[in-house]
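> okay, sequence plus prediction incoming.
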Protein chains: 2
Amino acid sequence: MPQYTPPLRDMQFVLHELLDAVGTLRQLPAHADLDVDTVNAVLEEGGKFASQVTAPLNLSGDKEGCVLDKTTHEVKAPKGFKEAYAQYVEGGWPALSCDPEYGGQGLPATVNLCFYEMLNSANQAWTMYPGLSHGAYEALHAHGTPEQKALYLPKLTSGQWTGTMCLTEPHCGTDLGLLRTKAEPQADGSYRISGQKIFISAGEHDLAENIVHLVLARLPDAPEGSKGISLFVVPKFIPQADGSLGARNGIFCSGLEHKMGIHANATCQMLLDGAIGWLVGQPNKGLMAMFVMMNAARLGVGNQSLGLTEVAYQNAVAYAKDRIQMRALSGPKALDKPADPIIVHPDVRKMLLTARAFAEGGRALTAYTALKLDVALNTDDEDERRAADDRVALLTPIIKAFLTDNGWLATSHCQQVFGGHGYIHEWGMEQFVRDARINMIYEGTNTVQSLDLLGRKVLGDNGAKLRAFGKEIAEFVEEHGISEEMQEFVNPLADLGDKVTKLSTEIGMKAFGNADEVGAAAVDYLRVVGHLCFAYLFARMAQVALAKKDGGDPFYTAKLHTARFYFAKLLPETATLIRTARAGLSPLMAMDEALF
Amino acid sequence: MPQYTPPLRDMQFVLHELLDAVGTLRQLPAHADLDVDTVNAVLEEGGKFASQVTAPLNLSGDKEGCVLDKTTHEVKAPKGFKEAYAQYVEGGWPALSCDPEYGGQGLPATVNLCFYEMLNSANQAWTMYPGLSHGAYEALHAHGTPEQKALYLPKLTSGQWTGTMCLTEPHCGTDLGLLRTKAEPQADGSYRISGQKIFISAGEHDLAENIVHLVLARLPDAPEGSKGISLFVVPKFIPQADGSLGARNGIFCSGLEHKMGIHANATCQMLLDGAIGWLVGQPNKGLMAMFVMMNAARLGVGNQSLGLTEVAYQNAVAYAKDRIQMRALSGPKALDKPADPIIVHPDVRKMLLTARAFAEGGRALTAYTALKLDVALNTDDEDERRAADDRVALLTPIIKAFLTDNGWLATSHCQQVFGGHGYIHEWGMEQFVRDARINMIYEGTNTVQSLDLLGRKVLGDNGAKLRAFGKEIAEFVEEHGISEEMQEFVNPLADLGDKVTKLSTEIGMKAFGNADEVGAAAVDYLRVVGHLCFAYLFARMAQVALAKKDGGDPFYTAKLHTARFYFAKLLPETATLIRTARAGLSPLMAMDEALF
């Protein structure tokens, strides 16, 4: 069974040494009293919960899966899941970054995302039960009436109830404008909602006494397409005014999907048969409300793959040090053994270091972005808020797509380190790969993310958000470009920055002629900008490590080696990506559809 | 459920129009009477068997898996597998490329590999039952005594019995020199063999009345390491002299592995408890004998991923034409529908064309290599034999590793085309990905293949085999470099040829200083040479298509588009690979093992 050790040292490095997160957060009224010790203590305790409570349930949960009772429509999660969730509620973890007004602890998103990285490493399928709740919490917090907030938020904050997002229907996922679920207004101000939803994660389960569904549906007079979609809250049991449970509502799990991975999370087909619901926010503005939540969810999905990358790396390292097989080509290393541990083989190291660099780069990028999110949510300074918001908007699709593509590569590399054993369930490595695969698909496929980045975030404002980020990078380059020992990091960073500028302009010009040029280049483009983010953050991490490495802590030496590996072996992917992005639309569209 | 249509037109193009396979084969005494109609008829019938008999069992077989009865040690394959195998035997398919002396039909390996591509598309797990038999057949055919051949080969040829290869043990896979299974000589010339084997594909099942295991074990006086390993034939039931079944032998399935994919193939732990066996070939030369078989097996594994790439492509195309979702960025295309079919989106086309180019390139490379194999096996001309043998030796690790890495990418892309539905079992796409994953691991991991290519096949003879292949490419470049319409294909091919020469020399020089430089570059190097093969074959295919496209058959237009896509969007991967190969060893080894 896989093991997991929370990477607290690297988290502390990123938060405190790289980003001075607490220093930034204390400038915000909501976090003025935060201190480093609190952050470290929360992460330490959170890491214990993840590694001791949910990690041991990951393999068994995958094997057992969820079971639907077709007569009662109740779903049973795998053994131990309910008890682990009770412990989670008991520990107050659902409240971590929730609003104190509703019983939350009010800690920053930055800390919550670090905590969730560990939960994701330990057990992605389990973590989706509380993770989805948080989405419902945010939707109600942002758009609910005072009464709705008072009724639902304390229960979601305590974890007594969980939540879902019900968007997808059989004929529409990406294109929610096509959705058909209907909401009929009732005399009492409520609505009767009917339709079928699919792919509803944590749609039904036995972890909590009630489930709060956030459902997209159409009003009778709604305009066609995406401008006619409204958001409704549809609880499994209708709460009484005092918060106690009332009647069972007409929203039922009618089937469970048999999936490639995340077997332990119940992916439900949900039937709404005149279910009672209440409008959340404005009529016909539901998609806008949902998109706010989906941005947070997209950061969360990138974070899922970050967690899987880390845990896969840890286990592959342990195996590579333990498994002996063949001698090093350069001659025997472990003379006391009949063969060398496989970590002596350069390609094994390449696979390990790829996962390590993806984990460390991904962690830095996630924390960097989460910190901007906390600023955007809490600052009183409008300019600062807008700048932070823009940065989050720019980086969110990159975190979703770049980190999940990287997670797929990394978990597969780590599986490969195990040879044949990597293909066998009991070692746990193949599960990481299967679980990681969904992250490239849900919450907007990675193609959709790339269109969001290039079409909306970059070209949509004529490159303003990208230029602002580029300015920050240029300042770093300016400041450290004169340092001899920083040359190896700063030079390729500056070079890539120039190339991104040029590439963005070039695609923008081509898109004037044919908008499909955006779609032809977007996926390659996103990975190029993802590498720009990683190159920038690895250069900054190297700068910190160079300043501290003489203190004797080998952590900084390792950080430098990982940064050098990144620049030597991973960043060069951009050489291909820039070529293929520039190759443009014609090689894709020249062939008539009938010839496929 | 996925559909499958045998790609007969493309196979005929490759065999007859690109390679003139029958013309080459008829020069060989064994195939002097072969004709195009026979080849086409065999492939047409083979395609019917694959698409009608085994393809419908693929999804259900994956869901059901194999079941071991722990008291009888018997394994039951999924529903329908036994009956499909009976039909296979009835149709005479096991005999296709077997020696006529033992009841075989004596058709060339080239035809057999095309037939197997279709079986692999239809159902990789089922195909492994007869596929493994063929390995045992070849080992006995090459190394068995006349008595052993007379006893076993007719039964393996008819398919009445199946076979296995028993190599791996819990502590050794790649490094067979460590193996511990023991063989004690008996007075009657037989041996008593004891030990434990794992990962034995088709090690036990209910498809055939007997299973012929080829087992690697050590004699009592054997030298340590890989020079002390002998090969034994260990039948499940000991055959009488007349071929009827005798006593049950002491070789038992003690457990089935729970795997990521190929669920319907029984991957067995085998316990040998004083099992009776007979030496095959010379004592202590078993590994050499086994390696001959393993080369054929490696071509077969590349062919498995080729099959999965093709079937995944076909289903993704069908879905992309059918599924409507969003409008094209350049404006609506299907005005009669509420959204456009997703094949209008450039990135969907990129994913489809990637799979298509990998399938067409892989098919051409496999057939090209198989034809050389037929020449090597059958020519009377020693120079021709050696040249053909060298080409097969050079290309085998490329087919194994390049095609299986491509298959992993392609099946994952095709899964992605399905969005959320790609993650659901019933659509079948996620199974292709899970099944494809093993192909990168077994029969020598892809890292091992890359070391075989760079260390043994290229540097091991100072580049002679590579130069001979380069000469063939240079002649093509010379011949077609003057054609204006061939420029777009010939120029990048010539350029890559030069780069491969330079890169090979450079790594060779570095390896003089440190042999680990080979391991640091090998995986990247293999993919570069893989692209050289594809670029060469796509250029040749384009040349044929250019000459014929004016005849009005749209097949040639499609072939040209696919070739152009390959050169524009896939070949540029070499820009990165050459950089990372040249980045060498230091970024991988600089970090102390303890810091991982």
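It's in. Numbering: from 1, shown residues only, chains lettered A, B, ... in the order given.

> C-alpha only now, for contacts and for neighbours.
Will do.

> residues in contact with A:G300?
The contact partners of A:G300, taken as CA atoms under 8 Å, 6 or more residues apart in numbering or on different chains, are A:113, A:400.

> one more time with 10 Å, if that's ok
Neighbouring residues of A:G300 by CA atoms under 10 Å, 6 or more residues apart in numbering or on different chains: A:113, A:116-117, A:120, A:128, A:131-132, A:135, A:294, A:306, A:366, A:396, A:399-400, A:439, A:443.

> can you list the buried residues in the host helix or strand of it?
A:G300 is located in helix A:286-322, with elements delineated by DSSP states H and E. Within helix A:286-322, the residues scored as buried using 16 or more other CA atoms under 10 Å in any protein chain shown are A:286-290, A:293-317, A:319-321.

> closest one to B:A139 out of the contacts of A:G300, please.
Of all the contacts of A:G300, B:A139 sits closest to A:N439, with 44.8 Å by CA to CA.

> pull up the gap between A:Q52 and chain B, please.
Applying CA to the nearest CA, to the nearest Å, the value for A:Q52 to chain B is 23 Å.

> and that residue, what pLDDT?
Model confidence at A:Q52, given as pLDDT, is 98.

> report how many residues lie close to it.
14 (other CA atoms under 10 Å in any protein chain shown).

> got a list of what it touches?
A:Q52 makes contact with A:4-5, A:46, A:122 under the criterion CA under 10 Å, 6+ apart.

> ok, A:S244 next?
Each residue near A:S244 by CA under 10 Å, 6+ apart is listed here: A:151, A:210, A:237-238.

> nearest to A:A558 among those residues?
Closest to A:A558 out of these is A:N210 (47.2 Å), distances taken as CA to CA.

> which pLDDT value goes with the closest residue to chain B within the stretch 301-450 of chain A?
Nearest residue of the stretch 301-450 of chain A to chain B (CA to the nearest CA) works out as A:I424 at 4.5 Å. A:I424 is assigned 98 on the pLDDT scale.

> over to the closest residue to it other than its chain neighbours: give its phi and psi.
Of all residues not flanking A:I424 in the chain, B:K259 sits nearest, at 4.5 Å (CA to CA, 6 or more residues apart in numbering or on different chains). With angles defined as degrees, to the nearest 10, B:K259 sits at phi -110, psi 170.

> am I right that B:K259 is in contact with B:C268?
No: between B:K259 and B:C268 there is no contact under CA atoms under 10 Å: 11.1 Å.

> smallest gap between the stretch 101-250 of chain A and chain B, at which residue?
For the stretch 101-250 of chain A, CA to the nearest CA, closest residue to chain B: A:D175, 5.4 Å.

> whoops, the stretch 1-150 of chain A was the one
A:K63 (9.8 Å).

> now that residue: which helix or strand?
helix A:58-64.

> tell me what the helix or strand just after that helix is packed against?
Scanning forward in sequence from helix A:58-64 by DSSP H and E, the next helix or strand is strand A:67-69. Packing partners of strand A:67-69 (3 or more CA pairs under 10 Å, 6 or more residues apart in numbering or on different chains; DSSP states H and E): strand A:74-76, strand A:251-256.

> in a markdown table, list the ones you listed along with distance to chain B.
Below are the helices and strands packed on strand A:67-69 laid out as a markdown table (distance: least, CA to the nearest CA, whole Å):
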| stretch | distance to chain B |
| --- | --- |
| strand A:74-76 | 19 |
| strand A:251-256 | 10 |
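
> with distance to B:I229 added, can I get the ones you listed in JSON lines?
Below are these laid out as JSON lines (distance: least, CA to CA, whole Å):
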{"stretch": "strand A:74-76", "distance to B:I229": "52"}
{"stretch": "strand A:251-256", "distance to B:I229": "51"}
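
> chain A - how does it break down into domains?
Here the domain assignment for chain A is A:8-68+A:75-143, A:162-283, A:293-444, A:446-586, based on automatic domain parsing.

> and the residue of the stretch 101-250 of chain A closest to chain B, what does it touch?
A:168-169, A:225-226, A:444, B:324-327, B:339.

> if we go to 6 Å?
B:325-326 (CA atoms under 6 Å, 6 or more residues apart in numbering or on different chains).

> which phi and psi does it have?
Dihedral angles (degrees, to the nearest 10) for A:D175: phi -100, psi 70.

> which helix or strand in chain A has the lowest average pLDDT?
helix A:286-322 (a mean of 94; mean pLDDT, DSSP states H and E).

> picking that back up, pick the most buried one from the helices and strands packed on strand A:67-69.
strand A:251-256 (a mean of 22; mean count of other CA atoms under 10 Å in any protein chain shown).

> each with direction, which strands does it pair with?
In the sheet, strand A:251-256 lines up against strand A:267-280 (antiparallel) (DSSP bridges).

> buried ones in the partner strand?
A:267-272, A:274-280.

> re the thing from before, dump the helices and strands packed on strand A:67-69 into TSV; add distance to B:A388 and mean pLDDT as well.
Output for these, formatted as TSV (distance: least, CA to CA, whole Å; pLDDT from 0 to 100):
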stretch	distance to B:A388	mean pLDDT
strand A:74-76	61	98
strand A:251-256	54	98
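
> out of those strands, the one nearest A:F13 is which?
Set against A:F13 and scored by CA to CA, these come closest in strand A:74-76, at 40.2 Å.

> other residues contacting the helix or strand just after the closest one?
Moving toward the C-terminus from strand A:74-76, the next helix or strand (DSSP H and E) is helix A:81-90. Residues from elsewhere that reach helix A:81-90, judged by CA under 6 Å, 6+ apart: A:159, A:207.

> hmm, try it at 10 Å
For helix A:81-90, the surrounding residues in contact (CA under 10 Å, 6+ apart) are A:46, A:49-50, A:53-54, A:57-58, A:61, A:76, A:80, A:91-95, A:125-127, A:129-130, A:157-160, A:205-208, A:264-265.

> quick one: contacts for the residue nearest to A:I343 when sequence neighbours are not counted?
Spatially, and ignoring its direct neighbours in sequence, A:I343 is nearest to A:A320 (4.9 Å; CA to CA, 6+ apart). Contacts for A:A320 (CA under 10 Å, 6+ apart) come out as A:340-345, A:348-349, A:352, A:414, A:417-418.

> quick one: the helix holding A:G300 to strand A:267-280, angle?
Going by axes from the mean of the first three to the mean of the last three CA atoms, to 10 degrees, helix A:286-322 is angled at 140 degrees with respect to strand A:267-280.

> measure stretch A:416-428 end to end?
In stretch A:416-428, first residue to last residue: 12 Å (CA to CA, to the nearest Å).

> correction: stretch A:542-559
End-to-end for stretch A:542-559, by CA to CA: 7 Å.

> pLDDT wise, what is the closest residue to A:A95 other than its chain neighbours at?
Spatial nearest neighbour of A:A95, excluding adjacent residues (CA to CA, 6+ apart): A:G104 at 4.5 Å. According to the prediction, A:G104 has pLDDT 98.
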